[in-house]
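Asks: show me how the following folds:
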Amino acid sequence: MPNLNKTAIVKSAMRTFAVLEFFRKTKRAASVTEISSALEMPQSSTSVLLRCLVELNYLEYERKTRRFIPSYRVNLLGDWIRRSPFRDTKLTDLMEELWTATGGETVMLGQQAGAAGMQYLHVVPGGSQLQYTAQAGQIRPMVRTALGHVLLSQMPNTKIRGIIRRNNAEEPSQSARVRESAFLEEVERIRRRGFSESGGRTTPGANTIGMLVPLPKRRAPLAIGIGGPIERIAAKRSHIIEVMQSRLKELTEEAGPRFVEK
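Replies: Now for the predicted structure:
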């Protein structure tokens, strides 16, 4: 770390970029101790900073190894020069391809944020005047989005119940809260068919079809979805599902570990 007399805010910014530069150089997951030692930062300050970056979805924390690793959101900061977790395909390019193949419907990429939220990491807006609207960076309750539903389908039911209760507790509208038993039945259907579908239940008048993105092991799951007005999506539903499944299947063989752990 450079020894400059700056304000606390500037110092935090310098430390944040130093952490990202550390991962750029090492290209592997690392513990708090390793990072604080390499950057000559107090371990307590390093721990606070890393957990803040996890909360902001710039880092992921692997509980079993107690190590941190940059998230795909960091990749998106410079996706025009950086590659995705796949050897030959940029995930943002895939989203553009899906946008074209489905007639310009809104394409969204999402990830779990915090304990019970789903955050849109990247959005390719719909090309029609009437379109499904989502903003990159926006966080919604997991139970209220198709992308959240498909992410939940990868979790054990005990964890899903906790997220349902938290989302319901934070939802001021009684009518918007979900019934636990009915929601778990829907999650089971998602597991069987391999995709989620909102069908106007989460956003009135809109339907989003969501699927998981194949990623290297131990990476935080990502979901991709295509959404638009119910009637328009219904008219090309089979085509949308076929295109998504086909392109994501192609990515499966490309997925591999990006970081070498020691």
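Asks: hey, where'd the helices end up in the stretch 1-150 of the chain?
Replies: For the stretch 1-150 of the chain, the helices defined by DSSP state H, counting those that start in this stretch cover 8-26, 32-39, 43-55, 72-77, 91-101, 146-152.
Asks: how many neighbours does the residue nearest to residue 98 when sequence neighbours are not counted have?
Replies: Using Cβ to Cβ, 6 or more residues apart in numbering and skipping the chain neighbours, the partner closest in space to residue 98 is residue 107 (5.1 Å). The C-beta positions use only the backbone N, C-alpha and C, and glycine is treated the same way. Other residues within reach of residue 107, judged by other Cβ atoms under 10 Å, total 27.
Asks: next one: residue 113
Replies: Per other Cβ under 10 Å, the neighbour tally for residue 113 reads 22.
Asks: partners of it in the sheet?
Replies: residue 117 (DSSP bridges).
Asks: that one: what's it in contact with?
Replies: 57, 119, 139 (Cβ atoms under 8 Å, 6 or more residues apart in numbering).
Asks: and residue 123, by the same measure?
Replies: Residue 123 touches 106-109, 134-136, counting by Cβ under 8 Å, 6+ apart.
Asks: looking at this protein, which helix or strand is least sure?
Replies: helix 72-77 (a mean of 80; mean pLDDT, DSSP states H and E).
Asks: would you put the C-alpha positions of that helix in CSV?
Replies: Taking C-alpha atoms only, helix 72-77 is exported to CSV below (Å, rounded to 0.1, in the frame of the first residue of the first chain):
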residue,chain,number,x,y,z
TYR,A,72,-19.0,-11.9,-11.6
ARG,A,73,-20.1,-8.3,-10.9
VAL,A,74,-16.4,-7.4,-10.9
ASN,A,75,-16.1,-8.9,-14.3
LEU,A,76,-18.9,-6.7,-15.5
LEU,A,77,-17.1,-3.6,-14.5
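Asks: can you list the weak-confidence ranges in the stretch 51-200 of the chain?
Replies: For the stretch 51-200 of the chain, applying pLDDT under 70 flags the ranges 78-89.
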